[in-house]
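Enquirer: I need the structure of the sequence given here:
(2 chains)
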Amino acid sequence: MRYRITHVTDYRYSIPVGRCYNLAHMVPRDTGRQTCTRNQIHVSPAPASTHKHQDYFGNNAYFFAIQKDHDQLSITAESEVEMQEQGWTPGLALGLTCGEVLARLRSSSAPECLLAREYVLDSPMIRAFPALRDYAAPSLRPERPFLEAVQELNERIYRDFTYDPGFTTVATPLQEVLTHKRGVCQDFAHVAIGCLRAAGFAARYVSGYLETLPPPGQEKLVGSDATHAWFAVYSPEDGWFEFDPTNDKIAAEQHIVTAWGRDYSDVTPLRGVIFGGGDKHDLSVAVTVQRLA
Amino acid sequence: MPFVIGSDEWAKIESGLLERAELFNLLLRDLYGPRDLIRTGVIPPEAIFAHGGFLRACAGIRLQGEHDLIIHSVDMVRTASGDMCVFADRAQSPSGAGYALENRTVMSRVLPSLFRDSHVHRLAHFFQRLRAKLSQLAPNVDEPRVVVLTPGALNETHFEHAYLANYLGYPLVQSGDLMVRNGFVWMKSLEGLMRVDVILRRVDDWFCDPLELKSDSQLGVPGLLGVARQNRVAIANPLGAGVLENPVLLRYLPQISKRLLGREPRLKSAATYWCGERKDLAYVLANLDQLIIKPIFRGMGRSQTYAVMSNAERAALVQQLQAQPQLYVAQERIVPSHVPTMIAGQLQPRPAILRTFAVASESSYLIMPGGLTRVGLTLGSPLISNQLGSINKDTWVVASEPERPVENVPLGERRAQQQQSVGLPSRVVENLFWLGRYAERAEASLRVLRTTFVMLNGADMLPRNCRHLLLRAVTEVTSSFPGFTAQPELLDDPEKELLAVVLDGGRLGSVRSCLQAMLNCAEESKELLSSDTLRVINDVRDVMTGLDQALEGGLMSAPEEALDPLVTALMALSGLAQESMIRGVGWRFMEIGRRIERGLQIITLIRALLVRELPDGEQATMLLAMLQVLEVIITYRRRYRGRMDIAQGLELTLIDTSNPRSLLYQFGQLQDHIANLPEVGISSRELQAEQRALLEANTTLRLSHLVDLARAGDDSGRRDELDQVLGRLYHLLTTIGSVVSDKYFDHRVGPQQLVRAVWEG
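Expert: So this is what the prediction gives:
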């Protein structure tokens, strides 16, 4: 399967911005199940300098700086991604139990496992607290097959939480999301990661896009898609497995990965420091995921 | 009293330090590179991944050459067995090298012959190597520009930053002086933007770039990390080096060293236990009495000595250790050997810590002979730090034979020294400009207050009109509005208001607030002021502190005398600026500030006192007051034999260029300074805005007839022409001030985040 993704971000400022410095995570990385075959970022007004690099997590980061007055900033990222077909569904009931996963995480000297322990620790936006562990406990019982347990946790979050874009912002603390059981994909991914880490497992945040299909008989609308977020867990010696709590799914061909990190703060699609701009910024984001073949 | 180390003992320490600096350099490269030490289990992953100093954004950035760790510093003590034992490594931005240098300078001045005869090893070599290393960090640049980045004047080690920058000959900059443009780092200087190739960093790395690191940092340069990533600026020590201060590394150092160097380190470290390791935690909890507990990251708080804590504190600590064990280490309590220290004129034993410094040099490191010795304030004090207060002393490594003279400066170094235009950040120059203005404003305020006090307390009752004009002049000259101009009820009982104009630091325009502003400007431009100047500035601070007491008696106690020491100190300041400051750009701006302010004060005073026409006697009193404030009364009397004539008074104070306090004299000085400022933008024969304003001011004043100025309007009762001319001149002078400041200084708004990152807590 091949996709073309168009991701347009527009900022309008109440007062012109004289200079700005930005770091974008908008170029899909290559993973075991996808290859980014083409990517182009267009910034308006034209940046005075740009630079691409691979960040600590192996994501593609794009730096750009604008040096002339502007009251509107527009970034269009266009990518083509080749997704590998997954002819199989992982056997969730097989493999290690939760108890075994914890024991191997502690004892294994495999390099991949040692490095995965980074994702057990607290991160800037996800600090474990007892309520997370309590929420996860019924699913993550020691004798259960690990992936099956995670899938159940994923499903419970899907069932218990209400998708409510008006309820949270980028800054809503995890405690509040868990108490009110409301939020968006980013919050649900954070909740799942927090639950897993509080119980001692390694989990990371994945940001990307999800292809949505129009209702039967209707044309797909441009800009109707969105950036998406889900999470991945680590099972020693088996690797990482991605789950999407917003849709109660195992991430598959429709889940196109942009970047991963410990949480949202590591992979923010666009961060920036601006000089000027006043105190009011209008932001609009439009994403189109188009099936090519 | 210096701390003395024999040359044989030092040789052992030195070789241990060389090895340790190499080791930490390799460690740094691994942590931000392949992370093999974690991958292969030499260091437990949590020890690094949970450390606040491990900056993921800095991964993959490398400096040119063999070293990433440019300066490595070690804190050690001598134990009971006589061996040196390391208890901490410093790599963030090790402070103290400048203090060591200063201590040495002082000691060699105080004890020159002892110093010479004991063959003390010199420090200069260390700083030469540092300079050479820094210029090598930008190999593709012919004459690399190096700057010292400091958090600012309020930082407790700012003195050291200024001292070091001066000694090394680099500009001292704050983050606001730097900006990223076209993919490089630039310093905003008067000559425009100057490219910066190397930054000697004295700001903690976490703060250095609000784009990729701490997003609410006021001390950072947005985009800096991106430039470093492209190797277009070299930062020493590199961003992220703070991870080396993690004390957990001491716990695993023998294994790390075996892996990286093939042997255990020669220099002993204090026994360190990491609570993230189960066995260690059990040991720590069982032996708390013998241990010092330290958070692994400095930002998380201070070290705690269990033995001296209260029961409640102990319980809280144990709870913390159990809740987040991987964030704490414990270290054995080493009793440092005590050294003789001069305390209140007597030699007393005090515990001592030695901080040593290594600088990368060619293919190895060079160790500063000696270092900075700090001693505890009390006998047996367990913790010693400059922040908590401690005494510093010089450290002498004495040889049995005289040292070989310092070898010739290497070639690369010599080229760097020839670099001429060091450049000044425009912020420093702006502060000098305002230093000049505030000093002058304070002086003018003091003079008008002094004269007012004298006249109010004079033997003759001051006529009502005169008293009111004089009091209003106080408000006008000090700009402490509304004051006497808008509150007529104060005019008949002025004491409280007058004292407030002197003492009330919260009052805009008061002498105290003005001096405070002046002192702040001096702090910000310290590195350009001579040590004598700094001493005078300290005098101003002292006198100001004692002012409340001196004025306790109110108006009855001859308050003018209490103001004298301040006037004297300010005179000393302007004298020093004339006599001992290099005639560079900084001096020019300070003078421009001074001249503009003095001009404005002359105009304000004359308008306040002489525009209104008064009966002859009262008029004479006002003229006298004006001459008194402007310090020309003696000249006037000698020249005009006591005849009080407005036109003659105006001649002396407005257009007599032999009087350095006349208005025309200020214009002449301004002309000279402005003509010598660096050109900005495209050069052109057309007059610049400030030149235009100055030319008009000069001409207006010189074309005026004194008789017309002195004459009152037919029925207005005012000297309208004087008022108009002076009003115009006032406007022109303020124009010059704002044009110069817009043209040369940077007044951009501060940065803000596109998305607010509240999660950083």
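Enquirer: For the stretch 101-250 of chain A, which segments are assigned as strands?
Expert: A:162-163, A:182-183, A:203-210, A:227-235, A:239-244, A:249-250 (DSSP state E, counting those that start in this stretch).
Enquirer: The third one pairs with which strands, and in what direction?
Expert: Strand A:203-210 has these partner strands in its sheet, going by DSSP bridges: strand A:227-235 (antiparallel), strand A:255-261 (antiparallel).
Enquirer: repeat for the second one
Expert: Using DSSP bridges, the neighbouring strands of strand A:182-183 in the sheet come out as strand A:162-163 (parallel).
Enquirer: Reformat the strands of the stretch 101-250 of chain A as TSV; add mean pLDDT and mean neighbour count.
Expert: Every C-beta, even on glycine, is put in place using the N, C-alpha and C of the backbone. Converted to TSV, those look like this (pLDDT from 0 to 100; neighbours: other Cβ atoms under 10 Å in any protein chain shown):
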stretch	mean pLDDT	mean neighbour count
strand A:162-163	94	12
strand A:182-183	94	22
strand A:203-210	96	24
strand A:227-235	96	25
strand A:239-244	95	20
strand A:249-250	92	18
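Enquirer: And for the residue nearest to B:Gly6 when sequence neighbours are not counted, the neighbour number?
Expert: Nearest residue to B:Gly6, sequence neighbours excluded (Cβ to Cβ, 6 or more residues apart in numbering or on different chains): B:Val398, at 6.4 Å. With neighbours defined by other Cβ atoms under 10 Å in any protein chain shown, the count for B:Val398 comes to 19.
Enquirer: Hmm, B:Asp8 and B:Val398 touching each other?
Expert: No - counting by Cβ atoms under 8 Å, B:Val398 sits too far from B:Asp8 to count as a contact (10.4 Å).
Enquirer: got a markdown table for the strands of the stretch 101-250 of chain A, with distance to A:Leu196 too?
Expert: Shown next, in a markdown table, are these (distance: least, Cβ to Cβ, whole Å):
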| stretch | distance to A:Leu196 |
| --- | --- |
| strand A:162-163 | 21 |
| strand A:182-183 | 17 |
| strand A:203-210 | 4 |
| strand A:227-235 | 6 |
| strand A:239-244 | 10 |
| strand A:249-250 | 15 |
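Enquirer: So which of these is nearest B:Pro463?
Expert: strand A:182-183 (78.8 Å; Cβ to Cβ).
Enquirer: what residues does chain B put near chain A?
Expert: B:35, B:38-41, B:45-46, B:49-50, B:56-57, B:59-60, B:179-183, B:210-212, B:215, B:222-223, B:226, B:229-230, B:748-760 (Cβ under 8 Å from any Cβ of the partner chain).
Enquirer: Write the PyMOL selection for whichever of the residues you listed are buried.
Expert: Selection of buried members from the residues of chain B next to chain A for PyMOL, criterion 16 or more other Cβ atoms under 10 Å in any protein chain shown:
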select buried, chain B and resi 35+38+39+45+46+49+50+56+57+59+179+180+181+183+210+211+212+215+222+223+226+229+751+752+753+754+755+757+759
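Enquirer: Work out for me the element B:Val536 sits within.
Expert: helix B:531-545 (DSSP states H and E).
Enquirer: Now the next helix-or-strand element following that helix: average pLDDT?
Expert: Next along the chain after helix B:531-545, taking DSSP H and E as the criterion, comes helix B:547-550. Taken as a whole, helix B:547-550 has a mean pLDDT of 84.
Enquirer: roughly how far is helix B:547-550 from the heart of the chain?
Expert: Averaging C-alpha positions (Cα atoms, centre = their mean, to the nearest Å) puts helix B:547-550 28 Å from its chain's average.
Enquirer: helices or strands up against that helix?
Expert: helix B:495-503, helix B:559-580 (3 or more Cβ pairs under 8 Å, 6 or more residues apart in numbering or on different chains; DSSP states H and E).
Enquirer: For these, which has the smallest mean pLDDT value?
Expert: Least confidently modelled of the helices and strands packed on helix B:547-550 is helix B:559-580, at a mean of 89 by mean pLDDT.
Enquirer: how far off helix B:531-545 does that helix point, in degrees?
Expert: For helix B:559-580 against helix B:531-545, the angle by axes from the mean of the first three to the mean of the last three Cα atoms, to 10 degrees is 170 degrees.
Enquirer: And helix B:559-580, what does it pack against?
Expert: Helix B:559-580 packs on helix B:426-456, helix B:495-503, helix B:531-545, helix B:547-550, helix B:585-610, going by 3+ Cβ pairs under 8 Å, 6+ apart.
Enquirer: Can you point out the buried residues in that helix?
Expert: With burial defined by 16+ other Cβ under 10 Å, the residues of helix B:559-580 counted as buried are B:559-560, B:562-563, B:565-567, B:569-570, B:572-574, B:576-577.
Enquirer: got it, and stretch B:315-332?
Expert: B:317, B:320-321, B:325-331.
Enquirer: contact partners of that stretch?
Expert: Contact with stretch B:315-332 is made by B:46-47, B:50, B:87, B:247-248, B:250-251, B:270-276, B:280-281, B:284-285, B:288, B:290-297, B:300, B:304, B:306, B:309, as judged by Cβ atoms under 8 Å, 6 or more residues apart in numbering or on different chains.
Enquirer: Out of those residues, which sit inside helices?
Expert: In this view, the contacts of stretch B:315-332 that belong to helices under DSSP state H are B:46-47, B:248, B:250-251, B:280-281, B:284-285.
Enquirer: Who wins on neighbours among the residues you listed?
Expert: B:Val248 leads the ones in helices among the contacts of stretch B:315-332 on contacts (other Cβ under 10 Å) with 27 neighbours.
Enquirer: For it, give its distance to B:Arg39.
Expert: Applying Cβ to Cβ, to the nearest Å, the value for B:Val248 to B:Arg39 is 17 Å.
Enquirer: try B:Ser531
Expert: When B:Ser531 is compared with B:Arg39 (using Cβ to Cβ), they lie 54 Å apart.
Enquirer: just for chain A, where's the confidence low?
Expert: Applying pLDDT under 70 to chain A flags the ranges A:87-90, A:223.
Enquirer: Please parse it into its domains.
Expert: Domain assignment of chain A by automatic domain parsing yields the ranges A:2-84+A:268-291, A:98-266.
Enquirer: First-to-last residue distance for the longest one?
Expert: One end of domain A:98-266 to the other measures 27 Å (Cα to Cα, to the nearest Å).
Enquirer: same question, stretch B:66-83
Expert: End-to-end for stretch B:66-83, by Cα to Cα: 31 Å.
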